[in-house]
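Participant: Sharing a sequence plus its predicted fold:
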Amino acid sequence: MFSVTRNEDTTGIELGFLLGLGFQLLIGEFTRRLDAAGYGDLRPAHGMAFQALKGPGATATELAERLGVTKQAAGQLVDDLEKRGYVRREPHPEGGRRKLVVLTRAANEHLAVAGGILHELEAELGTRVDLAALRGELTGLLRALNGDGDLPPLRPVWH
């Protein structure tokens, strides 16, 4: 396994490794704080599903498209979240057999707590790093990688 020591010069380390490690550390700390706030039953993929379902909700097929997963995986995720009380299925406004998956109050409360934790974590990091400059540089990198079009959605490809 590749690692970086405390005083090691990182200029020669692959960019993908540094970005991945930064994401891993940020999500790890975020998840620890969510656990401490009483949301130990949820993982980052659940939060991504909540983000994809915000507002009017979506069908399981739409959720699968938004998350970049199979319809089967999205269906299993919805079943799991429904059992936990974070989503519910409602009749689709256009009728038919389709169901609309919507967030419950518990999911919206989770989103509020998670948002507060993210802001707190960013404020702490902002005392050690110029986050505005970092955001600008990362946005420039994303545009260079993606071109001038809309950025793709972030998908839960981590485990």
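Facilitator: That came in fine, so what should we check first?

Participant: Which residues does the helix or strand of the chain with the lowest mean pLDDT contact?
Facilitator: Every helix and strand in the chain was compared by mean pLDDT, DSSP states H and E; the lowest is helix 44-53, with a mean of 90. The contact list for helix 44-53 (C-beta atoms under 8 Å, 6 or more residues apart in numbering) reads 27, 30-31, 58, 63, 66-67, 77, 81, 86-87, 101-103, 107, 110-111, 114, 153-156, 158. Yep, even glycine has a C-beta here, placed from its N, CA and C like the rest.

Participant: Quick check: next helix or strand after it?
Facilitator: Downstream of helix 44-53, the first helix or strand assigned by DSSP states H and E is helix 60-67.

Participant: Could you report the pLDDT at Leu81?
Facilitator: Note on Leu81: pLDDT of 96.

Participant: Distance check, the residue most central in space within the chain against Leu34.
Facilitator: The residue lying closest to the centre of the chain (C-alpha atoms, centre = their mean) is Met48, at 4.0 Å. Using C-beta to C-beta, to the nearest Å, Met48 is found at 13 Å from Leu34.

Participant: Okay, strands next: where are they in this protein?
Facilitator: Ranges of strands within the chain are 87-91, 99-103, based on DSSP state E.

Participant: Turn those strands into TSV, including distance to Glu137, mean pLDDT and mean neighbour count.
Facilitator: TSV is the format used below for the strands of the chain (distance: least, C-beta to C-beta, whole Å; pLDDT from 0 to 100; neighbours: other C-beta atoms under 10 Å):
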stretch	distance to Glu137	mean pLDDT	mean neighbour count
strand 87-91	36	96	16
strand 99-103	34	96	19
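
Participant: would you turn the ones you listed into a markdown table with distance to Asp41?
Facilitator: As requested, those are exported to a markdown table (distance: least, C-beta to C-beta, whole Å):
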| stretch | distance to Asp41 |
| --- | --- |
| strand 87-91 | 14 |
| strand 99-103 | 16 |
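
Participant: burial count for Leu77?
Facilitator: Per other C-beta atoms under 10 Å, the neighbour tally for Leu77 reads 22.

Participant: and the gap between it and Arg33?
Facilitator: Leu77 is 23 Å from Arg33, by C-beta to C-beta.

Participant: and if you look at Thr11?
Facilitator: Taking C-beta to C-beta, one finds Thr11 at 31 Å from Arg33.
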